[in-house]
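Participant: Sequence and predicted structure, then a few things I'm wondering about:
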Amino acid sequence: MPTVLVTGANRGLGLEFVRQYAERGWRVIATARHPHGAPELTALATTHPNVSIETLDVGAGESIRDLARKLTEQAIDVLLNNAGWLGNRDKQSFATLDYETFEEVLRINTFGPLAMAQAFMPHVLASEQKKIVVITSGLSSLTNTSRFGNLYFYRASKAAVNMAMRTLQAEVREQGVKIGILAPGMVSTRLLHSSGYQGPGVIEAPQSVTAVIGHIERLDQNAEMTLYTGEKIPW
């Protein structure tokens with residue numbers, strides 16, 4: 001069976017990715033910083049023998065390297081970088097910018113996916129599908145930024161990871177690796193709630209994840225930023 005590794009699998013989109021891939025019969029390696037504090041994930045693994053849980057902090061390089069070494073013999077068809085952090089929104093307005101928060105947001109949202117790709121590239125190359133995916137945000141679009149401000153750090157971190165993944169695609173294209181930069185939309189998760197957004201267009205995790213998985217299945221080597229609806233998001 002094909003294998004997917006999901007980061008940030010303890011709740012929200014990550015948990016739903018684990019659920020849907022498990023139900024599709026994939027082997028799922030579900031990772032979280034504190035698996036013992038993820039009862040829904042634990043329950044899912046209990047009822048699905050094709051789901052295994054591993055401890056992983058995507059903001060810590062040694063944690064990433066430790067897991068890569070532990071899984072040395074495991075081919076990974078889809079490396080799904082779902083883990084992300086909005087950061088304290090009160091520390092991301094122009095009047096109150098806190099640069100320690102900026103460093104932490106960058107460590108998780110930008111460094112994490114790139115370090116995961118580097119550490120797990122041998123596992124991806126050993127697989128049949130050879131796909132690396134990052135969950136981005138429409139807020140990273142330079143074209144659309146003029147609509148409203150705030151969330152400086154989150155926006156910058158997602159724009160940076162988009163560039164990192166585009167650069168990676170150029171480097172690994174000849175090895176058959178496909179890079180996905182996919183935006184899940186405005187999903188009713190803790191991250192969206194903490195952003196303060198209360199407008200229209202909010203969807204539930206199952207709808208978003210089903211659509212995103214469809215895009216992962218059809219992934220090519222263009223590494224375009226794509227919304228869950230299939231719409232191409234302007235850079």
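Facilitator: Arrived safely, thanks for sending.

Participant: ok, and the helix or strand in this structure with the lowest average confidence?
Facilitator: Sorted by mean pLDDT, DSSP states H and E, the helices and strands of the chain end with helix 190-195, the least confident at a mean of 63.

Participant: Past that one, which element shows up next along the chain?
Facilitator: Later in the chain than helix 190-195, the nearest helix or strand by DSSP states H and E is helix 205-217.

Participant: List the buried residues for that next one?
Facilitator: Of the residues in helix 205-217, 205, 208-209, 211-213, 215-216 count as buried by neighbour count, 16 or more other Cβ atoms under 10 Å. Where C-beta positions appear, they are placed from N, C-alpha and C, glycine not excepted.

Participant: tell me the average confidence for it?
Facilitator: The average of the pLDDT scores along helix 205-217 is 97.

Participant: Pull the residues that contact that helix.
Facilitator: For helix 205-217, contacts defined as Cβ atoms under 8 Å, 6 or more residues apart in numbering pick out 12-13, 15-17, 20-21, 24, 78, 80, 131, 133, 135, 180, 182, 184-185, 187-189, 226, 228-230.

Participant: can you count the residues close to residue 94?
Facilitator: Residues within reach of residue 94, counting by other Cβ atoms under 10 Å, total 8.

Participant: Can I get the buried residues of helix 205-217 in JSON lines including distance to residue 39?
Facilitator: Shown next, in JSON lines, are the buried residues of helix 205-217 (distance: Cβ to Cβ, whole Å):
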{"residue": "205", "distance to residue 39": "17"}
{"residue": "208", "distance to residue 39": "22"}
{"residue": "209", "distance to residue 39": "20"}
{"residue": "211", "distance to residue 39": "27"}
{"residue": "212", "distance to residue 39": "24"}
{"residue": "213", "distance to residue 39": "24"}
{"residue": "215", "distance to residue 39": "30"}
{"residue": "216", "distance to residue 39": "27"}
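
Participant: ok, those residues vs residue 43, which is closest?
Facilitator: The closest of the buried residues of helix 205-217 to residue 43 turns out to be residue 205 (Cβ to Cβ; 16.4 Å).

Participant: The closest one and residue 217: what is the separation?
Facilitator: Using Cβ to Cβ, to the nearest Å, we find residue 205 at a distance of 18 Å from residue 217.

Participant: Relative to the centre of the chain, find the outermost residue for me.
Facilitator: Most distant residue from the mean C-alpha position of the chain: residue 95, 29.6 Å away (Cα atoms, centre = their mean).
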